[in-house]
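Participant: Structure here, sequence nowhere to be found:
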Ligand SMILES: C[S@@+](CC[C@H](N)C(=O)[O-])C[C@H]1O[C@@H](n2cnc3c(N)ncnc32)[C@H](O)[C@@H]1O
Ligand code: SF4
Ligand code: SF4
């Protein structure tokens, strides 16, 4: 398919030139052409691999102050051994390597927990910014974004904040997020947006909505409310995270698909657990299927190492032998741009 064929002329006229240029570039890329062939006749394709991961998620904590209905944390946190924080020294070491090897890599200092329960979060972000990391992004449930914490985060240099809200009314919020914090989270998020503007910070704010059976009826209201307030409104499909959560939110049936594509996660980035174990998939909440350990290996070495090479080759060949990928309930929802 050629770029813009599905877009009416009147809309096309309004797209700014740099965005048009970026879209044309995607359509011209080898990856896009390979994806087109894949969709047409199932030809396997080899996604391009960068020298260093494009995204590194550093799990600063697994503690959380909520028990959302859709989140594996609510099940896993019953085991107290699951809960903990990453040592600052381990975090600093990881940042030092990323800053040296690839400062343009997006650093996401959060994992399977709520990053703001760490009172030193702004210090951790500030360290990475001082070292030259270009983009730092976190997801938060927003419940702890008080005036002081907002000021600290804005000052720290945080580039992107995604607040997970999942609802357009207090009732639905309470059903999905299992706590009565809707008004507080909305007010804190709007205050964060206003205060960022006040301090002339060029940060971006996203609000997100994980689509599930308890909230889908509020999707349009959610989009309408936030479209002129936040920089992005992100709607995410519900994932079962390798089976840690059941199918209760899976009300959209997977499309029948004969061809299974290589999973973008394996080419996109890494997740480093509180103990330094390196995972390739966000479904691996308990870090069981690790591909390395930054306590005695470099991030670059792990990214280019034999374990991930083997895994990528399985995805390219279409065998998906890895025990996590083999039974993955989510793969159809994780697509390459252009799919
Ligand atoms: C695990 S949370 C960690 C950060 C923070 N506690 C928060 O809620 O944003 C990261 C993101 O995963 C999303 N999430 C949790 N369970 C999910 C599921 N079953 N499917 C899709 N996204 C999910 C959350 O809504 C949130 O946006
Ligand atoms: S989605 Fe975030 S806030 Fe909710 S339980 Fe999971 S980690 Fe905690
Ligand atoms: S196929 Fe599934 S289990 Fe494998 S990396 Fe992708 S999301 Fe994770």
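Facilitator: Perfect, thanks for sending it. Since the model is a prediction, treat every value here as computed from it, not as a measurement. Ligands and ions are numbered 1, 2, ... in the order given.

Participant: who in the stretch 151-300 of the chain is up against ligand 1?
Facilitator: The stretch 151-300 of the chain comes close to ligand 1 at residues 164, 208, 210, 236, 238, 239, 241, 245, as judged by C-beta under 6 Å from any ligand atom. All C-beta spots, glycine's among them, are computed from the backbone N, C-alpha and C.

Participant: Neighbours of the second one, how many?
Facilitator: Look at residue 208: counted by other C-beta atoms under 10 Å, it has 18 neighbours.

Participant: ok, now the fifth one?
Facilitator: As a burial measure, the neighbour count of residue 238 was computed by other C-beta under 10 Å and equals 21.

Participant: Assign it to one of the three secondary structure states.
Facilitator: coil (DSSP: H, G, I helix; E, B strand; the rest coil).

Participant: pretty sure it contacts residue 215?
Facilitator: No. Under the criterion of C-beta atoms under 8 Å, residue 238 is not in contact with residue 215, lying 9.9 Å apart.

Participant: Drop the exposed ones from the residues of the stretch 151-300 of the chain next to ligand 1 and show what's left.
Facilitator: 164, 208, 210, 238, 239, 241, 245 (16 or more other C-beta atoms under 10 Å).

Participant: per-residue pLDDT, the second one?
Facilitator: Reading off the per-residue confidence, residue 208 sits at a pLDDT of 98.

Participant: Now that it has come up, it's in contact with residue 165, right?
Facilitator: Yes. Counting by C-beta under 8 Å, residue 208 touches residue 165, with 6.8 Å between them.

Participant: if we can go back for a sec, now do the shared contacts for residue 238 and residue 215.
Facilitator: By C-beta atoms under 8 Å, 6 or more residues apart in numbering, residue 238 and residue 215 have no common neighbours.

Participant: what does the chain have sitting close to ligand 2?
Facilitator: Applying C-beta under 6 Å from any ligand atom, we find that the chain lies next to ligand 2 at 64, 66, 67, 68, 71, 73, 74, 113, 114, 141, 164.

Participant: One more pass at 8 Å, please.
Facilitator: Selection of the chain residues close to ligand 2 by C-beta under 8 Å from any ligand atom yields 64-68, 70-74, 77, 112-114, 139-141, 143, 164, 177.

Participant: Please flag which of those residues sit within strands.
Facilitator: When strands are assigned by DSSP state E, the members of these inside them are 139, 140, 164.

Participant: coming back round to it: which of the residues of the stretch 151-300 of the chain next to ligand 1 lies closest to residue 127?
Facilitator: Ranked by distance to residue 127 (C-beta to C-beta), these are led by residue 164 at 24.7 Å.

Participant: so which strand or helix has the nearest residue to that closest one once chain neighbours are set aside?
Facilitator: Excluding its sequence neighbours, the residue lying closest to residue 164 (C-beta to C-beta, 6 or more residues apart in numbering) is residue 208, at 5.1 Å. Here residue 208, judged by DSSP states H and E, is contained in strand 204-210.

Participant: Same check on residue 26?
Facilitator: According to DSSP H and E, residue 26 maps onto helix 17-28.

Participant: and the direction of whichever helix or strand comes after that helix versus that of helix 17-28, what angle?
Facilitator: Where DSSP H and E defines the elements, the next helix or strand beyond helix 17-28 is helix 30-41. Put simply, helix 30-41 runs at 50 degrees to helix 17-28, going by axes from the mean of the first three to the mean of the last three C-alpha atoms, to 10 degrees.
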